[in-house]
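Engineer: the sequence isn't on hand, but the structure is:
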């Protein structure tokens, strides 16, 4: 199972880095719960719950911190 | 969908970095739950709950840590 | 709204850094829930709850990590 | 008990680093709860719960941050 | 109120660094809930609850990460 | 009370670093709740609860991040 799309942490822009962070967070869930039907059934549980969404955003923030460091914060673009 | 306003982590001041952290945290929620009506309906759930607000602040703190590092902590301004 | 008092992460001492961490954590909550009356009403919910206090302290610890790094851990004072 | 497969944090690719992160997270649980029957019995509790899966993904994100830093973010491959 | 005992993050040993981490975590709670009677009343709530203790240990781990970095991980002593 | 076994963060291998992370996490709990009988009584509460185990693993991941950095990720061994 592909866990890191493109198998690299390097992206051209912060936007792409953020998209990668979201994708990586999702793929981990897929690795822990490989049954797509179960995941689909669970989606409304968190997508309609404020605290669950905050926690999902929390995980994305942590993934992004790693990706941003990998890209030296895209400072060359600034 | 725009996930990083301005597509850069570089800001002029800590204040602007903090505003970016809040904006990034919010946009992630928008990416996970794209339905604005659902998000609007959920807002009172966390905006009137102490623990939910603390968790939201927690995510902002993590986003800000990344942005602060990207800006070398705005040390040149000190 | 002022999110970073003094608009700098640089402080003279760890004590002042810690005070800034607490202030920044609080101001984020103020940005997310701008209604002071609501915040005041919610205060007993977490100030009298052990787990809520622990989480509040958790956020302060994260804010402080960023501030401490910004100040190179105040090593020059040691 | 083996806690770090291969006893190294160095991997060839981000994908392998992510797999190591998942393995390390799981082995820690095995160290805290060594009874495989108990762990097996608990699995449905979190594998069918959205918030539990998010938290499991959260831990993987933290483990991966360490592994990614160890590998200098696999920048040489980019 | 004293938030960082000794007003420094520099300690002689990891053991002392860990003691400082615990002290800093506690003093933050004291800053957020200054009423010692309330804090005393809340203590059994978390001291007799496994999840509350884990979260308290979580905060100590974060404080210690900052202190350990400040002391360059006490590598000179190794 | 000994909080850091050996009073050093330096270990020979990642495996030993991971064991130290688990030990440090446990000793913190012992510092916060010094009564061994209470800790023993609480053990089933988290050892048989999936979410509690995940949180315990979360804390170990944070402790390990610090230890891994202290050991420069054991890169010399790779």
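Structural biologist: That came in fine, so what should we check first? For clarity, every value in this text was computed on a predicted model and none was experimentally measured.

Engineer: per-residue pLDDT, the residue nearest to residue A:1 when sequence neighbours are not counted?
Structural biologist: Excluding its sequence neighbours, the residue lying closest to residue A:1 (CB to CB, 6 or more residues apart in numbering or on different chains) is residue A:31, at 5.8 Å. In this view, the C-beta of every residue, glycine as well, is placed from N, C-alpha and C. At residue A:31, the model reports a pLDDT of 97.

Engineer: and residue A:31, what element?
Structural biologist: helix A:14-32 (DSSP states H and E).

Engineer: now the angle from that helix to helix D:14-32?
Structural biologist: Interaxial angle of helix A:14-32 relative to helix D:14-32 (axes from the mean of the first three to the mean of the last three CA atoms, to 10 degrees): 50 degrees.

Engineer: give the next helix or strand downstream of helix A:14-32.
Structural biologist: Next element after helix A:14-32 (DSSP H and E): helix A:36-47.

Engineer: and the following helix or strand past that following helix, anywhere near chain D?
Structural biologist: Next helix or strand after helix A:36-47 toward the C-terminus (DSSP H and E): helix A:50-70. Yes. Using CB under 8 Å from any CB of the partner chain, a contact is recorded between helix A:50-70 and chain D, made by A:51, A:52, A:55, A:56, A:58, A:59, A:62, A:63, A:65, A:66, A:69, A:70.

Engineer: so the fourth one touches residue A:46, yeah?
Structural biologist: Meaning residue A:56. Yes. Applying CB atoms under 8 Å, one finds residue A:56 in contact with residue A:46, separated by 6.3 Å.

Engineer: spit out the contact partners of the spatially most central residue of chain A.
Structural biologist: Nearest residue to the geometric centre of chain A (CA atoms, centre = their mean): residue A:22, 2.3 Å. By CB atoms under 8 Å, 6 or more residues apart in numbering or on different chains, residue A:22 lies in contact with A:60, A:63, B:3, B:28, B:31, B:32.

Engineer: what about the residue nearest to residue A:1, how many residues nearby?
Structural biologist: Using other CB atoms under 10 Å in any protein chain shown, residue A:31 has 17 neighbouring residues.

Engineer: what of the one 3 residues further on?
Structural biologist: As a burial measure, the neighbour count of residue A:34 was computed by other CB under 10 Å and equals 11.

Engineer: could you find the closest non-adjacent residue to it?
Structural biologist: Leaving aside its sequence neighbours, residue A:34 sits nearest to residue A:1 (CB to CB, 6+ apart; 7.5 Å).

Engineer: list the contacts for that neighbour?
Structural biologist: Going by CB under 8 Å, 6+ apart, residue A:1 touches A:27, A:30, A:31, A:34.

Engineer: thinking again about what came up before, so which of the contacts of residue A:22 comes closest to residue D:10?
Structural biologist: Minimum distance to residue D:10 across the contacts of residue A:22 is 20.6 Å, recorded for residue A:63 (CB to CB).

Engineer: how about that closest one, nearest residue that isn't a chain neighbour?
Structural biologist: Excluding the flanking residues, the one nearest residue A:63 by CB to CB, 6+ apart is residue A:21, at 3.9 Å.

Engineer: likewise residue A:23?
Structural biologist: Closest to residue A:23 by CB to CB, 6+ apart is residue A:5, at 5.1 Å.

Engineer: how about residue A:74?
Structural biologist: residue A:14 (5.4 Å).

Engineer: pretty sure the one you found is touching residue B:2, no?
Structural biologist: No. Residue A:14 lies out of contact with residue B:2 (CB under 8 Å); the separation is 10.5 Å.

Engineer: more neighbours: these two, which one.
Structural biologist: When neighbours are counted by other CB under 10 Å, residue A:14 and residue B:2 differ, and residue A:14 comes out ahead with 26 against 12.

Engineer: for that one, give its distance to residue B:24.
Structural biologist: Applying CB to CB, to the nearest Å, the value for residue A:14 to residue B:24 is 9 Å.

Engineer: worst-scoring helix or strand of chain A, pLDDT-wise?
Structural biologist: One helix or strand of chain A scores below all others by mean pLDDT, DSSP states H and E: helix A:36-47, with a mean of 95.

Engineer: what's next to that helix, contact-wise?
Structural biologist: A:29-30, A:33, A:52-53, A:55-56, B:32-33, B:38, D:47-51, D:53-54.

Engineer: show me which of these are buried.
Structural biologist: With burial judged by 16 or more other CB atoms under 10 Å in any protein chain shown, the buried subset of the contacts of helix A:36-47 is A:29-30, A:33, A:52-53, A:55-56, B:32-33, D:47-51, D:53-54.
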